[in-house]
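# Need a 3D model of the following:
(chains A, B and C)
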Amino acid sequence: MASVEEIFERYLASRIFKDREKLLPDYVPENLPHRDEQIRRLATVLAPALLGSRPSNVFIYGLTGTGKTAVTKYVLRKLKEKAKARVEYVYINCRQNNTSYRVLAELAKSLGVKVPFTGLALGEVMKRVLRGLERRRRILIVVLDEVDNLVKRNGDDVLYFLSRINEQLENSRVSLIGITNDLKFMEFLDARVKSSLGEEELVFPPYNAIQLEDILRKRAAEAFNEGVLEEGVIKRVAAIAARQNGDCRLALDILLKAADIADREGADKVTLGHVERARHEIEKNLTVDVIKTMPLHVKLTLAAIYLLTRDSVKTITTGLIYNKYKELVSKVGIEPVTQRRISDIINELDMLGLINARVVSMGRYGRTKVISLSASASSVKAGLSSDLIMKTILEG
DNA sequence: AATCCACAGGAAGTGCTGGGCG
DNA sequence: CGCCCAGCACTTCCTGTGGATT
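Purely as a prediction, here's the structure:
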């Protein structure tokens, strides 16, 4: 075992990194290659704010890791530099703040209005937000990132409120930027919200392998010392990410992880082998982490699916899962939930990407869902095993 | 052509938590 | 203090349905 001193020494002596931060997900670079078009369009839409008039609301679509957030933050930063005090923006991530209340509370906080993190009626928070806005006399641009998360769970109350908020304001104006990676998202919205929110729309296409390679090369030049990347590493990472819908964030993740592994080993080059291991580790960590934090009955349901898969059952249906689940539940001496609930849990697991569920009609033999495990069985097992109750079930 | 299975999934409600407010 | 509020995990009750079999 290395002593603390040794660990730190080795870190300082790192051959690999020049500036590791440049690979972290929240770093917004000075240059965003292959997004010139989107930057120009967003800037054009937001420009009126400089002269004190309210920019149109914008809706931004694009899959994960296509630069939506980076471009938005980049343009807003530039806008604020030019506009000085008259324009402000708030960035709210609706995945972390995934309830109406939390989004409004975030908004209030950015206005310097105090709200408790629970307890108030929604209408009361809205009032406070309004008051805060009036006091500030600004153009406020509200960015709602991953806004589909909010609407799917809570409806579009908050969006409705925000899209009409200007009617109640004298001294301030609000513009909205909604960001989503769900291309069918608009269908969920109330017609009134839809028309007001969709004043401008911006689409971010996925990066292709060549573009990813270009981006990675530029970023690598900032982050790594010269010559530490083995031939073909960047090409490989770009190819992997290109297959995953051109997800640039994933590409950067893998590159960082590969470099970390190499660094930890004291290697002086990042090799293709490191990339391979990084990819595996990221995949595994992702599933293990979501599983760890799941509520008990969700874990039990997943365990049931896992066991059925392990016993190589050909077509796994909702009914089979429910039976297996009840079996598991009785083993640990807990009361089962209803099949209706399990049906919802199966959908939740599907949305998390751990399983694949599709409705299928088997004619005379009913209409049900056919389910298969889509995460690797070993990661599922690893994730479940972190729970002691689950561990005994899987071994028993 | 009608039937009927094995569920899907909507609507409404319950009980609990963790926190207001007056 | 009593009452209200939102969110969550869940229940109860329900209507709907694709298509192989009768």
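
# Near DNA strand B, which residues of chain A are found?
Contact residues, chain A versus DNA strand B (Cβ under 7 Å from any atom of the strand): A:116-120, A:124, A:317-320, A:339-340, A:343, A:346-347, A:359, A:362-369. Where C-beta positions appear, they are placed from N, C-alpha and C, glycine not excepted.

# Please, a ChimeraX command that selects the buried ones among the residues you listed?
Buried members of those, identified by 16 or more other Cβ atoms under 10 Å, are gathered into one ChimeraX selection as follows:
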select /A:120,317,318,320,346,368,369
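
# mind listing which of the residues of chain A next to DNA strand B are in strands?
A:317, A:359, A:367-369 (DSSP state E).

# And the lowest-mean-pLDDT helix or strand in chain A, how far out from the chain middle?
Ranked by mean pLDDT, DSSP states H and E, the weakest helix or strand in chain A is helix A:4-12, scoring a mean of 77. In terms of Cα atoms, centre = their mean, to the nearest Å, the centre of helix A:4-12 is found 33 Å from the chain centre.

# got the buried residues for the helix or strand just after that helix?
Per DSSP states H and E, helix A:4-12 leads on to helix A:36-46 as the next helix or strand towards the C-terminus. Within helix A:36-46, the residues scored as buried using 16+ other Cβ under 10 Å are A:38-39, A:41-42, A:45-46.

# cool, stretch A:161-176 as well?
Judged by neighbour count using 16+ other Cβ under 10 Å, the buried positions of stretch A:161-176 are A:161-163, A:165, A:172-176.

# Report the residue ranges of every domain in chain A.
For chain A, automatic domain parsing gives the domain ranges A:4-16+A:207-286, A:36-204, A:294-395.

# So for the last one, mean pLDDT?
Average pLDDT, domain A:294-395: 94.

# And that domain, end to end?
Length of domain A:294-395, first residue to last, Cα to Cα, to the nearest Å: 20 Å.

# How about the longest one?
Distance between the two ends of domain A:36-204: 11 Å, counting by Cα to Cα.

# Just to be sure, residue A:113 is in a strand?
No: secondary structure of residue A:113 (DSSP: H, G, I helix; E, B strand; the rest coil): coil, not part of a strand.

# Could you check how far it is from DNA strand C?
Counting by Cβ to the nearest atom of the strand, to the nearest Å, the gap from residue A:113 to DNA strand C is 17 Å.

# what do you get for residue A:206?
31 Å.

# part of a helix, is that residue?
No: Residue A:206 sits outside any helix when classified using three-state DSSP, being coil.

# Listing request: residues of chain A with sub-threshold pLDDT.
Low-confidence segments of chain A (pLDDT under 70): A:1-2, A:10-11, A:13, A:187-188, A:396.

# How about the residues of chain A by DNA strand C?
Counting by Cβ under 7 Å from any atom of the strand, chain A comes close to DNA strand C at A:98-102, A:118-123, A:153-154, A:295-298, A:336-338, A:340-341, A:344-345, A:361-364, A:366-367.

# so what's the backbone phi/psi at the residue of the stretch 251-396 of chain A with the smallest separation from DNA strand B?
Going by Cβ to the nearest atom of the strand, DNA strand B is nearest to residue A:366 of the stretch 251-396 of chain A, at 1.7 Å. As for residue A:366, its main-chain torsions (degrees, to the nearest 10) stand at phi 90, psi -180.

# Packing partners of the lengthiest helix in chain A?
For chain A, the helix that runs over the most residues, judged by DSSP state H, is helix A:272-292. The helices and strands touching helix A:272-292, judged by 3 or more Cβ pairs under 8 Å, 6 or more residues apart in numbering; DSSP states H and E, are helix A:233-243, helix A:248-265, helix A:377-385.

# so how far is residue A:196 from residue A:376?
Note on residue A:376: its distance to residue A:196, by Cβ to Cβ, to the nearest Å, is 44 Å.

# ok, those two, which is more surrounded?
Using other Cβ atoms under 10 Å as the criterion, residue A:376 and residue A:196 rank with residue A:196 on top: 19 against 13.

# Quickly find the element holding the more buried one.
Per DSSP H and E: residue A:196 is located in helix A:191-197.

# just to revisit the earlier point, any of the residues of chain A next to DNA strand C buried? List them.
Those of those that meet the buried threshold are A:98-102, A:120, A:154, A:297-298, A:336-337, A:345, by 16+ other Cβ under 10 Å.

# okay if I get these as a markdown table plus secondary structure?
Converted to a markdown table, those look like this (three-state DSSP):
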| residue | secondary structure |
| --- | --- |
| A:98 | coil |
| A:99 | coil |
| A:100 | helix |
| A:101 | helix |
| A:102 | helix |
| A:120 | coil |
| A:154 | helix |
| A:297 | helix |
| A:298 | helix |
| A:336 | coil |
| A:337 | coil |
| A:345 | helix |
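
# among those residues, which two are most distant?
Farthest-apart pair in those is A:120 and A:336; separation 36.6 Å (Cβ to Cβ).

# And the contacts of stretch A:339-358?
With contact meaning Cβ atoms under 8 Å, 6 or more residues apart in numbering, stretch A:339-358 is reached by A:287, A:290-291, A:297-298, A:301-302, A:305, A:318, A:321-322, A:325, A:369-375, A:380.
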